[in-house]
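K.L.:
With the input below, show me the fold.
(one chain, ligands or ions: 1)
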Amino acid sequence: MRIAVVVALVVLGAGGALAQTNRPAKQLFGSVSVPADLAPRAIGGYAKGCLAGAVALPLDGPNWQVMRLSRNRNWGHPVLIDYLKRLSADAARDGWPGLLVGDLSQPRGGPMLTGHASHQVGLDGDIWLTPMPDYQLSVEEREKKSAVSMLMTGRHLTIDQKAWTHLQPVVLKRAASYPEVARIFVSAAIKQKLCETAGGDRAWLRKIRPWYGHDAHFHVRLDCPPGAAGCTPQTPVGPGDGCDQLAEWFKPPPPPPTKPPEPKPYVPPRETTLADLPGACTDVLNAGFSAGAAASFGMPLPRLRPRVN
Ligand SMILES: [Zn+2]
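P.N.:
From the prediction side, this is the model:
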């Protein structure tokens, strides 16, 4: 059953189309709590796009738990949700106890009010490098528990041997093993560690890419689904394991300037508006939502109980 609700009316009030296109896209997409009742489609680029027909990753599965429920960012293209379910099961068989799943996308993708430049088309997902505990986390724990950094504080890109175990490479190798994965972003120190310990089987390292941050979680990015018109892919990763391209990351940080730089007037960056996104994103924003999808979103908080083992 479809509910003929035009979410645009809720989002926009009587502002009209012109006012809508000039509004910051993050305000528009950040305030919609249900997916667009359209065929699943990743529209635009990972950092400038939106998502039609999103589905939610259930908050709990046999081998995963979604974190930070208040953010309502457990939405993705069906291929991402399917990937996460398969990864969680396969990694569990490898010995990784389960996935703590961070941000995927908003119900209609798009820019977010806080965090992330990407995660806009439903093909990006963050997974903690902390293994899932053997009980069901409470809603409060899912808000407050911190992901553990794999790096030592105050030491430039140095792995913390107390946090890093033999299991992080297990889940990362499995995560990179699927053909639909385009890239996985981790701290350069983590990539370096994987390069040192991978042994002879190194093909999977190609997709593990060094990036800033990503010391307490890894970020999976899937390719545009086959035949997905309007989904902008990233350049495929090059050949080789990439282990010979890490030196830049380990250069010591430059010394602080000896005299303070000339003050420059602050020019705030221009906000991305709806008009900056692909045109189809306006349709996504203004589409109704289905009762089925609506029933799958939200936080069934009273249902949560400690798991009986
Ligand atoms: Zn991410």
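K.L.:
nearest residue to whichever residue of the stretch 201-309 of the chain sits closest to the ion other than its sequence neighbours?
P.N.:
As assessed by C-beta to the ion, the ion sits closest to His219 within the stretch 201-309 of the chain, at 3.5 Å. For glycine as for every other residue, the C-beta is placed from the backbone atoms N, C-alpha and C. Excluding the flanking residues, the one nearest His219 by C-beta to C-beta, 6 or more residues apart in numbering is Phe185, at 4.2 Å.
K.L.:
so after whatever helix or strand that neighbour lives in, what's the next helix or strand?
P.N.:
For Phe185, the enclosing helix or strand under DSSP states H and E is strand 181-186. Following strand 181-186 in sequence order, the next helix or strand is helix 188-197 (DSSP H and E).
K.L.:
Return the set of buried residues in that following helix.
P.N.:
188-195 (16 or more other C-beta atoms under 10 Å).
K.L.:
could you dump the residues you listed to TSV with pLDDT and distance to the ion?
P.N.:
As requested, those are exported to TSV (pLDDT from 0 to 100; distance: C-beta to the ion, whole Å):
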residue	pLDDT	distance to the ion
Ala188	97	16
Ala189	97	17
Ile190	98	14
Lys191	98	16
Gln192	97	20
Lys193	98	20
Leu194	98	18
Cys195	97	22
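K.L.:
where's Thr258 relative to Lys251, distance?
P.N.:
Thr258 sits 20 Å away from Lys251, going by C-beta to C-beta, to the nearest Å.
K.L.:
neighbour count winner among the two?
P.N.:
Between Thr258 and Lys251, Lys251 has the larger neighbour count (other C-beta atoms under 10 Å), namely 9 against 5.
K.L.:
Identify, from the buried residues of helix 188-197, the entry nearest to Pro210.
P.N.:
In terms of C-beta to C-beta, no member of those lies closer to Pro210 than Ala188, at 3.7 Å.
K.L.:
ok, now which ones touch the closest one?
P.N.:
157, 210-211, 246, 249-250 (C-beta atoms under 8 Å, 6 or more residues apart in numbering).
K.L.:
what about 10 Å?
P.N.:
For Ala188, the contact set (C-beta atoms under 10 Å, 6 or more residues apart in numbering) comprises 151, 157, 209-212, 214-215, 245-250.
K.L.:
Just put those residues in TSV and tack on pLDDT and distance to Asp103.
P.N.:
Converted to TSV, those look like this (pLDDT from 0 to 100; distance: C-beta to C-beta, whole Å):
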residue	pLDDT	distance to Asp103
Leu151	96	20
Leu157	91	24
Arg209	97	18
Pro210	96	20
Trp211	96	15
Tyr212	94	16
His214	96	13
Asp215	96	16
Gln245	93	27
Leu246	95	26
Ala247	93	31
Glu248	94	28
Trp249	94	24
Phe250	93	28
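K.L.:
Please save the CA atoms from the strand holding Phe185 in PDB.
P.N.:
Taking C-alpha atoms only, strand 181-186 is exported to PDB below (Å, rounded to 0.1, in the frame of the first residue of the first chain):
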ATOM      1  CA  VAL A 181      34.100  -3.400  -3.800                       C
ATOM      2  CA  ALA A 182      35.700  -0.400  -5.400                       C
ATOM      3  CA  ARG A 183      37.900   0.700  -2.500                       C
ATOM      4  CA  ILE A 184      38.300   0.400   1.300                       C
ATOM      5  CA  PHE A 185      39.800   3.400   3.100                       C
ATOM      6  CA  VAL A 186      42.000   2.900   6.200                       C
END
